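Peer 1: coordinates only, no sequence provided:
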């Protein structure tokens, strides 16, 4: 047996001859302290798209994702709470979210709030606490909208009485509330005009002053029949206003550039023999590239109650001639039903399409060729906005 003395000598020799063992008495230098910071985004692009994920399976966790349509990557996300609405400021620098929080997650004391996010950092920069009455609906850009000069912000209320709140986005205060006599949503136009859609098929237009006080109101003639052919409330921006599409495929173009809306005669997306067979259907039912006058619409074969089913094809129309110029089947390119579309407004646009299986596709708007597909983009990407 080896004596204890001999083992001690062996251990001392190993400690002297092997670096980094017991002989290395000097401790390593301490690691630098971690600094947590928020990295700023790169310069914005015309091909960035803000995608609203309704998170329909768990509505208290809705989100807005920012996606780069040139480099095919996610840039970040904005938390959006429960049954929220979102929009962008006129200069594209701010995302605004109207949402609701409950003290116990899905129950407890209710707090309605509008939150402001800096689009350079995606950090929340402020909020406005609202009366607990904001409209909690499926996506539309008309639940929450800025005035053209960004000095006022409008938010739709339903209690079920209909009205809208007028907010100061700079001072972060509530300025007042405007009763809309049963008409809903906030469609901004001009300096301080807000229109709402009525069940009679008319538009109520309220004119405000710079302080958000009502100056005048007027009601338009009916432009649709809610019983026979209602319209989607997701109006599509045009050069002078918005176009509202009906469930049966009628296009109602409305010029909001004057003191009161001017309503054009409707035109149809479908021929007489296809009336009621092919229909538009989606959560975001169309997009127009204003410079080229091209309209992109998800279309499907359906019937009563299929207006949210999404499109199996994208149809392309010329807004000047009202003629269909292209028809793109989506299943042949690996996409399921198209539930939302959006197009950038630059000279070399890209077309975005989201599907009912949470795909996000980037397409060439000239021929419908798919450039890229994100296979799992949240749960239910139902609305898209581009600054």
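Peer 2: Ah, there it is. All values derive from a computational prediction rather than experimental measurement. Numbers count the residues shown, from 1 in each chain.
Peer 1: how many neighbours does residue 105 have?
Peer 2: 10 (other CB atoms under 10 Å). Every C-beta, even on glycine, is put in place using the N, C-alpha and C of the backbone.
Peer 1: so what pLDDT did it get?
Peer 2: We have a pLDDT of 88 for residue 105.
Peer 1: wait, doesn't it sit right on residue 58?
Peer 2: No: counting by CB atoms under 8 Å, residue 105 stays clear of residue 58, with 10.5 Å between them.
Peer 1: which parts of the stretch 1-150 of the chain are strands?
Peer 2: Counting by DSSP state E, counting those that start in this stretch, the stretch 1-150 of the chain has strands at residues 48-53, 62-68, 73-88, 94-102, 110-118, 123-130, 144-146.
Peer 1: compare those and give me the one nearest residue 309.
Peer 2: Residue 309 lies closest to strand 48-53 among the strands of the stretch 1-150 of the chain, at 19.0 Å (CB to CB).
Peer 1: sheet-wise, list the partners of the closest one with their directions.
Peer 2: Note on strand 48-53: by DSSP bridges, its sheet partners are strand 62-68 (antiparallel), strand 381-385 (antiparallel).
Peer 1: what about residue 27, how many neighbours?
Peer 2: Residue 27, neighbours per other CB under 10 Å, totals 6.
Peer 1: so it versus residue 198, what's the distance?
Peer 2: 76 Å (CB to CB, to the nearest Å).
Peer 1: looking at the strands paired with strand 48-53, which is nearest to residue 41?
Peer 2: Closest of those to residue 41 is strand 62-68, at 7.8 Å (criterion: CB to CB).
Peer 1: for that closest one, which positions count as buried?
Peer 2: 62, 63, 64, 65, 66, 67, 68 (16 or more other CB atoms under 10 Å).
Peer 1: ok, stretch 202-210 next?
Peer 2: Result for stretch 202-210 [16+ other CB under 10 Å]: buried residues 202, 203, 204, 205, 206, 207, 208.
Peer 1: do the same with stretch 303-315
Peer 2: 307, 308, 309, 310, 311, 312, 313, 314, 315.
Peer 1: burial measure for the closest residue to residue 101 other than its chain neighbours, as a count.
Peer 2: Spatial nearest neighbour of residue 101, excluding adjacent residues (CB to CB, 6 or more residues apart in numbering): residue 111 at 4.9 Å. Residue neighbour count, defined by other CB under 10 Å, stands at 15 for residue 111.
Peer 1: now the one 4 residues further on
Peer 2: Residues lying near residue 115 (other CB under 10 Å) number 20.
Peer 1: any idea how far apart the tips of stretch 312-321 sit?
Peer 2: 24 Å (CA to CA, to the nearest Å).
Peer 1: quick check: the farthest pair among the buried residues of stretch 303-315?
Peer 2: So, the buried residues of stretch 303-315 by CB to CB: farthest apart are 308 and 315, at 17.5 Å.
Peer 1: before we move on, the earlier item: mind putting the strands paired with strand 48-53 in a markdown table, distance to residue 339 and mean pLDDT included?
Peer 2: Listed next are the strands paired with strand 48-53 as a markdown table, based on distance: least, CB to CB, whole Å; pLDDT from 0 to 100:
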| stretch | distance to residue 339 | mean pLDDT |
| --- | --- | --- |
| strand 62-68 | 15 | 98 |
| strand 381-385 | 6 | 97 |
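Peer 1: tell me the pLDDT at residue 272?
Peer 2: 79.
Peer 1: can you check residue 348 too?
Peer 2: pLDDT, read off for residue 348, is 97.
Peer 1: in the chain, which spans are helices?
Peer 2: 4-17 (DSSP state H).
Peer 1: output the lowest mean pLDDT helix or strand found in it.
Peer 2: Least confident helix or strand, the chain: helix 4-17 with a mean of 52, by mean pLDDT, DSSP states H and E.
Peer 1: quick one on the thing from earlier: and the strands paired with strand 48-53: which comes nearest residue 98?
Peer 2: Once the strands paired with strand 48-53 are compared by CB to CB, strand 62-68 is nearest, at 11.2 Å.
Peer 1: quick one: residues in contact with that closest one.
Peer 2: 41, 45, 47-55, 73-84, 86, 95, 97, 99, 119, 122, 360, 374, 377-378, 381 (CB atoms under 8 Å, 6 or more residues apart in numbering).
Peer 1: for stretch 36-51, same thing?
Peer 2: 64-70, 75-76, 86, 88, 92, 95, 119-123, 342, 344-346, 349-350, 352, 354, 360, 377-378, 381, 383-387.
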